[in-house]
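>>> the following comprises the amino acid sequence and a computationally predicted model.
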Amino acid sequence: MQERDSQRSSRPVSKVGGTSCLGVVLFLIWVLLGAGFSFVFTLGDPLLRSFVVVLVLIWAVLGPFALSFFLVNLSSWLLHNGFYKASVAVAGMGTTVDDAIVPLLHVCGMFDSPIAVMNLLNRASAMMCLGQFKEAAAKLELAMDKSQGAIGWDHILTQLVVGQMASCYFYLGRFSEAEKFFRRGIAAKKVQLKPEEQRENDSPLAIVTALAGDMYGLGGLFEKQSKFALAEEQYKQAIETIDLHVFEDTYFLANNLNALGDLLVRTGRTDEAVDYINRAFRIRKQIFPEKDLMIASSFHSLGCLRFKQGNLYEAKRYLADALSIKESFLGKAHPDLADTYRATGELEAAMNNFAVSEKYLSKSLAILEENFGTHPDISSVLESLSKLYDKSGQSDKSAEYMQRAEAIKNH
């Protein structure tokens, strides 16, 4: 059975500005102040005008900061509502403004602005949602440099960058680098979660969210490496941490519940998996609309569970629903579709629909090869194709694909 559905890009870990309107409010205040200064300057006496000139200079200096923070909020809203291309464009405008501010920051003795880190993080997160992982990695590396220089390693914003960078490296198949960043991020966030280590402005919920995201990512990494016991440990630790610090059902609890259920399905423990997958689905239905990528992730998991239980037609319905939602959000060439295409192909093979199975498995293979060139997941799809060709009596083709799979594994 195929690996669990990977939803790391469709719901980015980053929550920068996702619910705050502070940047919008500050920008509106800045605009209103400008209008007020203009009015006073037009009607005021010379002494008042001289005073206003000084205020206008300060207002002009603060303008780019207000604009950049406004663009952080706007790109965050676009990102978390699925407008990924628009989010990339708006965050790009923000980084342009941030670059223009740098000389002023240096005059003031500052290395860089946290707002610049936020714009880069939003831009990278949106790029990951669009499948642009190499470009996203470059933005995250720059964000890491700026964040460490501006606010230090221990700040929660830096840790958000660390988690997103680890996820991006994971997607690119750079597993050793991903594991290093996941582990560093988890260690730092566990320290931050201690009451005596929390700063005045630190949000425990934000820390738990980021920590659970890193544990989720590291668990997925262990799954890809077939280290199932370690993966299970990560998911269970994440669930225990969330239950200890958060007293309501959240999307990041659902993610880890669903991941643990998928892992149990994959390792043949379907009876144990049922409660985890169903609970995750219930939570997601309470949080997300009916046509959402997180609902698609649950449909994928339910389809794989039913497949493993032998309920092939019910499995087919769930996987078809997952594909319908994913394709409507992401198109038909996004890496997040590869797992569901593969699961559907394996299901069709089990139903002896060999031509349909080949179509879906070939789609999965084409997506992975186009986006990543070489990637460990490609060997898994090649193995599925090999089994299909063996079952359909094409032994030579089966041997060819198995040989390709082994070559990738041994690379």
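Alright, I've got the coordinates.
>>> could you tell me how many residues sit around residue 317?
If you count neighbours by other Cβ atoms under 10 Å, residue 317 ends up with 15. (C-beta placed from N, C-alpha, C; glycine too.)
>>> in terms of helix, strand or coil, where does it fall?
Classification of residue 317 using DSSP: H, G, I helix; E, B strand; the rest coil returns helix.
>>> same question for residue 291.
Classification of residue 291 by three-state DSSP places it in coil.
>>> correct me if wrong: it contacts residue 327.
No - using Cβ atoms under 8 Å, residue 291 is not in contact with residue 327; the gap is 11.3 Å.
>>> which of the two has more residues huddled nearby?
More crowded of residue 291 and residue 327, by other Cβ under 10 Å: residue 327, with 15 against 12.
>>> got the buried residues for the helix or strand where the more buried one lies?
Using DSSP states H and E, the element containing residue 327 is helix 312-330. Within helix 312-330, the residues that qualify as buried are 315, 316, 318, 319, 321, 322, 323, 325, 326, 329, 330, counting by 16 or more other Cβ atoms under 10 Å.
>>> what's the average pLDDT for that helix?
Averaged over helix 312-330, pLDDT sits at 95.
>>> which other helices and strands does whichever helix or strand comes after it contact?
Next along the chain after helix 312-330, taking DSSP H and E as the criterion, comes helix 338-350. Judged by 3 or more Cβ pairs under 8 Å, 6 or more residues apart in numbering; DSSP states H and E, the packing partners of helix 338-350 are helix 293-309, helix 312-330, helix 354-372, helix 376-391.
>>> the closest residue to residue 209 other than its chain neighbours: what secondary structure?
Counting by Cβ to Cβ, 6 or more residues apart in numbering, residue 209 lies nearest to residue 252, which is 5.4 Å off, once chain neighbours are set aside. Here residue 252 is helix, with the state taken from three-state DSSP.
>>> any idea of the pLDDT on residue 252?
Residue 252 carries a pLDDT value of 92.
>>> gap between it and residue 283?
10 Å (Cβ to Cβ, to the nearest Å).
>>> do the same with residue 263
Shown here: residue 263 relative to residue 283, a distance of 18 Å by Cβ to Cβ.
>>> please, which helix or strand holds residue 191?
Using DSSP H and E, residue 191 maps to helix 175-192.
>>> show me what the next helix or strand after that helix is packed up against.
Next along the chain after helix 175-192, taking DSSP H and E as the criterion, comes helix 204-224. Here helix 204-224 touches helix 156-171, helix 175-192, helix 228-245, helix 251-266, going by 3+ Cβ pairs under 8 Å, 6+ apart.
>>> could you dump those to a markdown table with distance to residue 298 and mean neighbour count?
Rendered in a markdown table, the data for those read as follows (distance: least, Cβ to Cβ, whole Å; neighbours: other Cβ atoms under 10 Å):
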| stretch | distance to residue 298 | mean neighbour count |
| --- | --- | --- |
| helix 156-171 | 20 | 26 |
| helix 175-192 | 24 | 19 |
| helix 228-245 | 16 | 18 |
| helix 251-266 | 6 | 25 |
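>>> okay if I get those as CSV plus distance to residue 93?
CSV is the format used below for the helices and strands packed on helix 204-224 (distance: least, Cβ to Cβ, whole Å):
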stretch, distance to residue 93
helix 156-171, 20
helix 175-192, 28
helix 228-245, 35
helix 251-266, 28
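>>> ok, which of those comes nearest residue 336?
helix 156-171 (9.6 Å; Cβ to Cβ).
>>> angle of the closest one against helix 175-192?
150 degrees (axes from the mean of the first three to the mean of the last three Cα atoms, to 10 degrees).
>>> tell me which other helices or strands helix 156-171 touches.
Judged by 3+ Cβ pairs under 8 Å, 6+ apart, helix 156-171 is in contact with helix 114-129, helix 133-150, helix 175-192, helix 204-224.
>>> distance from the chain centre to the second one, please.
So that's helix 133-150. 15 Å (Cα atoms, centre = their mean, to the nearest Å).
>>> between the helices and strands packed on helix 204-224, which one is nearest to residue 75?
Closest among those, using Cβ to Cβ: helix 156-171, at 14.4 Å.
>>> just the helices and strands packed on helix 156-171: most buried one?
helix 114-129 (a mean of 28; mean count of other Cβ atoms under 10 Å).
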